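Visitor: below: sequence and its predicted model.
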Protein chains: 2
Amino acid sequence: MEVKARAPGKIILSGEHAVVHGSTAVAASIDLFTYVTLSFATAGNDDSVKLQLKDMALEFSWPIRRIREALSSLAAPSSTPTSCSIESVKSISALVEEQNIPEAKIALASGVSAFLWLYTSIQGFKPATVIVTSDLPLGSGLGSSAAFCVALSAALLAFSDSVTVDTKLQGWSIFGESDLELLNKWAYEGEKIIHGKPSGIDNTVSTYGNMIKFRSGNLTRIKPSMPLKMLITNTKVGRNTKALVAGVSERTLRHPNAMSFVFNAVDSISNELANIIQSPASDDVSITQKEEKLEELMEMNQGLLQCMGVSHASIETVLRTTLKYKLASKLTGAGGGGCVLTLLPSLLSRTVVDKVIAELESCGFQCLTAGIGGNGVEICFGGSS
Amino acid sequence: MEVKARAPGKIILSGEHAVVHGSTAVAASIDLFTYVTLSFATAGNDDSVKLQLKDMALEFSWPIRRIREALSSLAAPSSTPTSCSIESVKSISALVEEQNIPEAKIALASGVSAFLWLYTSIQGFKPATVIVTSDLPLGSGLGSSAAFCVALSAALLAFSDSVTVDTKLQGWSIFGESDLELLNKWAYEGEKIIHGKPSGIDNTVSTYGNMIKFRSGNLTRIKPSMPLKMLITNTKVGRNTKALVAGVSERTLRHPNAMSFVFNAVDSISNELANIIQSPASDDVSITQKEEKLEELMEMNQGLLQCMGVSHASIETVLRTTLKYKLASKLTGAGGGGCVLTLLPSLLSRTVVDKVIAELESCGFQCLTAGIGGNGVEICFGGSS
């Protein structure tokens, strides 16, 4: 019995930081995925839960007996998403600590905790092997932890009574709307273990795919009516998201009027951007014209992010490099390093893309290209896909 | 009989471009000057008007007879500033063309025309020699043409019946308020010949010195209550001011809501900046704290200018270089090249300043340091000063 699930990462197209101050932001899925393969041990073969993080060559394993002992207070598998109690958090932490995660990878501990919580909550105390691989760099703002929680929830739910899936289907298939809702809630519970108080944007985008407009906690799903491709440059500069958010808030306290106008400008930009992406193609407005408008909005948003003080020398290097090729870029996410988006117009030649990438990589950056706004989580039964 | 006049250049501290769309801007004088020395030929010695542009090793000369012939329609020296009629513009152009200005310096022609107009309007048809030197790079947005018109008007008026000056005073001395008003009007007439429809900001700052807050054509003079020093980096990248202004207007048509918020943000920044500079020093707010606030406002303004699309790779290079030394910078004037301001905090060591300058000059830029908001036009009789 084996199921493979994949869930996409996300980017913030516009509105990061300003969204904290009431502006609209737009997030989108990217066709870079985290894959989770779940296989149940054939009876009597093994009696443990194994988690393999292939990209990092790490494997963790817990005897079922040990998990049952640590989480004895857990009821039978739950059909409704529940939060991890403080007591369970402690028990799970103990299980994670036993695995002696290497010091350099200690950031993974909360993800392993989320795994144990979701696994035992949805599947109870069954032996199984879970293998994780991912296209997404970790901790760079591309929603890798949410993609993990979503793909994991999808795989776990696929073999539960909570959702209805046809295990005979060939290739990648999607869930029904109500199953997605359940899955998204479970993934959010996992995200809470990893991030404390996540916004819920990342798991929602990873679950449903496409795009999401969000403002003051309200999410609106958007279906893009145009293809959109981005170059995602990971500056690999680590950043402190909390400090960056706090910096913007402090600047807002010092300059309330100016910053309020800045946030309003970002709000306008997010709404314009969403409208352009949603509006059906027409003879009057070609894809190229739409792309040019999006590029201008990205440039404007980037200027406003600089005004908020969240850019970084590494980001500026990416901006300058892509500008040489007349490509528009903006930081995505927290800023202060992290990732930069560059729109790749549909008519741009592959040669130019290769040149830009070569130049950016020569600066030590990591480049990924991604289609924007595609499918959310999908599953595939039996065999590789 | 000799008089020397000097008039300062100017910088825009905040609000360039946005001012075209109704926001407040702040301009300030810089202690970099254009010097005009006027000496009347001793009787019978010579019978021409000579203009020497020392920095460019250019000299122009017109026999008085020739000037009188070309401008016969001019009344006797005028005591009130008058605009140059279309007819006179043509006659003056003919006088300028006779001088065979080298092709590479042809941009000077309008300045020479302004000279002839101001000279004949204020002094009539008297032989004299006028020598011009300047600290200001030409055509880089530092108000060199206005400083020329102001210094020239000052020298010419000093020997007219229109103003009252004490020719016995030693050293640089200032004009009375009503004389400054007259002088400013004359200078504006010269600026009109050079620029067509100048805003009047440059000549006003050069005349009165200090700072000026302006919005929708209303000028308010500001007296700074703190010393302020800037590094001015001339990228030497020529720019097309009209095209840059038009670009911002086009962007505003495409994104009226977002841009209107951007202009409002700039308006707030200009007003905050003016308040900080004007507010008297107190125990509560040290000069350093004021400087930090100004730096933050400069960074914000620069982000908003980037949002308007008027930055340039050369400007970004200056920003990155100064940022390495934790110094705040913004473009000044039209952008798209031109000059960049970097605030030099009062406690910054000379060693750091030298390092920054060395690094910027190694990029091919020209660096000037200037005190901000000092005196306007001044004159000095007899002898060098």
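Guide: Yep, that arrived. Numbers count the residues shown, from 1 in each chain, chains lettered A, B, ... in the order given.
Visitor: so which residues on chain A come close to chain B?
Guide: Contacts of chain A with chain B, taken as C-beta under 8 Å from any C-beta of the partner chain, map to A:251, A:254-255, A:257-259, A:261-262, A:264-266, A:268-269, A:272, A:293, A:296-297, A:299-309, A:313, A:316, A:319-320, A:323-324. Every residue, glycine included, has its C-beta placed from N, CA and C.
Visitor: can you give me phi and psi for the most centrally placed residue in chain A?
Guide: In chain A, the centroid-proximal residue (C-alpha atoms, centre = their mean) is residue A:143; its distance is 2.1 Å. Backbone geometry at residue A:143, expressed as degrees, to the nearest 10, gives phi 70, psi 30.
Visitor: how far away is it from residue A:211?
Guide: Distance of residue A:143 to residue A:211, computed by C-beta to C-beta, to the nearest Å: 13 Å.
Visitor: tell me which residues touch the residue nearest to the centre of chain A, please.
Guide: Residues near residue A:143 by C-beta atoms under 8 Å, 6 or more residues apart in numbering or on different chains: A:8-10, A:136, A:202, A:205-206.
Visitor: so for it, what's the pLDDT?
Guide: On the pLDDT scale, residue A:143 is placed at 95.
Visitor: cool, and residue A:325?
Guide: As predicted, residue A:325 sits at a pLDDT of 96.
Visitor: same question, residue A:385
Guide: pLDDT for residue A:385: 42.
Visitor: swap in residue A:322?
Guide: Confidence at residue A:322, expressed as pLDDT, is 97.
Visitor: show me which positions of the helix or strand hosting it end up buried.
Guide: Using DSSP states H and E, the element containing residue A:322 is helix A:313-324. Buried residues in helix A:313-324, counted by 16 or more other C-beta atoms under 10 Å in any protein chain shown: A:314-319, A:321-323.
Visitor: can you tell me which two in the residues you listed are farthest apart?
Guide: Pairwise distances across those peak at 15.0 Å for A:314 and A:323 (criterion: C-beta to C-beta).
Visitor: what secondary structure does residue A:370 sit in?
Guide: Of the three states, residue A:370 takes strand under DSSP: H, G, I helix; E, B strand; the rest coil.
Visitor: for it, give me its contacts.
Guide: Residue A:370 neighbours (C-beta under 8 Å, 6+ apart): A:11, A:30-32, A:229-230, A:232.
Visitor: do you know how far it is from residue B:166?
Guide: Between residue A:370 and residue B:166 the computed distance is 75 Å (C-beta to C-beta).
Visitor: just for the stretch 1-150 of chain A, where's the confidence low?
Guide: The stretch 1-150 of chain A contains residues with pLDDT under 70 at A:43-45, A:75-76.
Visitor: quick one, helices of it?
Guide: Secondary structure of the stretch 1-150 of chain A by DSSP state H, counting those that start in this stretch: the helices cover A:64-70, A:86-97, A:109-123, A:144-158.
Visitor: what comes up buried for the shortest one?
Guide: Of the residues in helix A:64-70, those with enough neighbours to count as buried (16+ other C-beta under 10 Å) are A:64, A:67, A:70.
Visitor: ditto for the last one
Guide: Of the residues in helix A:144-158, those buried under the neighbour-count criterion (16+ other C-beta under 10 Å) are A:144-158.
Visitor: the second one too?
Guide: Judged by neighbour count using 16+ other C-beta under 10 Å, the buried positions of helix A:86-97 are A:88, A:91-93, A:95-96.
Visitor: and residue A:366, its phi and psi?
Guide: In terms of degrees, to the nearest 10, the main-chain angles of residue A:366 are phi -110, psi 130.
Visitor: contacting residues for it?
Guide: Residue A:366 neighbours (C-beta under 8 Å, 6+ apart): A:137, A:233-234, A:236.
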